[in-house]
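Participant: Dropping a prediction and its sequence here:
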Number of protein chains: 2
Amino acid sequence: MEAAAAFGKVLRRLRTEAGMTQEQLAFEADLRRTYISILELGQQQPTLTTILKLSAALNTSAAALIEKVEAELGN
Amino acid sequence: MEAAAAFGKVLRRLRTEAGMTQEQLAFEADLRRTYISILELGQQQPTLTTILKLSAALNTSAAALIEKVEAELGN
């Protein structure tokens, strides 16, 4: 699996586990809703700043988020 | 400290700890030497793929690399 796709899969999982809509996550992370959608679909890969914003909005660390992405890539 | 600057600081530290030149790291990570320089100077922030390439070249995980960046940002 490609990095963007793995990230998107993990992002969608964490967001739904947190019971958040894309709109809610976008608001919390100060990102656009359409960008959340693009990321979840694996159509674009995130920058470091985006990773930091999303992990903060999901109440996790960026390191923990990336660890899940690496686990996904290893599958 | 901004994310790009924190990443650059950590990258330079890990590279020098590994005893690698920018040229060597660029070769191992399949990136341009000038891009390594730009990243180390904090002039651009890395994408997820770049983070994955660099951590692999430095024999660490991307999660461990990002954990160091978060520690740097917390300082």
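Facilitator: Noted; the coordinates are in hand.
Participant: helices or strands up against the helix or strand harbouring residue A:39?
Facilitator: Per DSSP states H and E, residue A:39 falls inside helix A:33-40. Here helix A:33-40 touches helix A:3-17, helix A:22-29, helix A:48-57, going by 3 or more Cβ pairs under 8 Å, 6 or more residues apart in numbering or on different chains; DSSP states H and E. Glycine gets a C-beta too; all of them are placed from N, C-alpha and C.
Participant: Need those in a markdown table (columns: distance to chain B).
Facilitator: Putting the helices and strands packed on helix A:33-40 into a markdown table (distance: least, Cβ to the nearest Cβ, whole Å) gives the following:
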| stretch | distance to chain B |
| --- | --- |
| helix A:3-17 | 5 |
| helix A:22-29 | 14 |
| helix A:48-57 | 5 |
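Participant: which of those helices sits most buried?
Facilitator: Most buried of the helices and strands packed on helix A:33-40, by mean neighbour count (mean count of other Cβ atoms under 10 Å in any protein chain shown): helix A:48-57, with a mean of 21.
Participant: So what's the residue count around residue A:21?
Facilitator: 12 (other Cβ atoms under 10 Å in any protein chain shown).
Participant: Poorly predicted segments of chain A, please.
Facilitator: For chain A, the stretches with pLDDT under 70 are A:75.
Participant: Can you pull up the most central residue in it?
Facilitator: residue A:11 (3.1 Å; Cα atoms, centre = their mean).
Participant: isn't it right next to residue A:38, touching?
Facilitator: No: under the criterion of Cβ atoms under 8 Å, residue A:11 makes no contact with residue A:38, lying 10.6 Å away.
Participant: What residues of the helix holding residue A:39 count as buried?
Facilitator: Burial within helix A:33-40, assessed by neighbour count using 16 or more other Cβ atoms under 10 Å in any protein chain shown, is assigned to A:36, A:39-40.
Participant: next one: stretch A:54-73
Facilitator: Using 16+ other Cβ under 10 Å as the burial criterion, the residues of stretch A:54-73 that qualify are A:54-55, A:57-58, A:61-63, A:65-70, A:72-73.
Participant: among these, which are in helices?
Facilitator: Within those, residues falling in helices by DSSP state H are A:54-55, A:57, A:62-63, A:65-70, A:72-73.
Participant: Could you export those to CSV, including columns for distance to residue A:17?
Facilitator: Output for these, formatted as CSV (distance: Cβ to Cβ, whole Å):
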residue, distance to residue A:17
A:54, 13
A:55, 14
A:57, 13
A:62, 17
A:63, 18
A:65, 12
A:66, 17
A:67, 15
A:68, 11
A:69, 15
A:70, 18
A:72, 14
A:73, 19
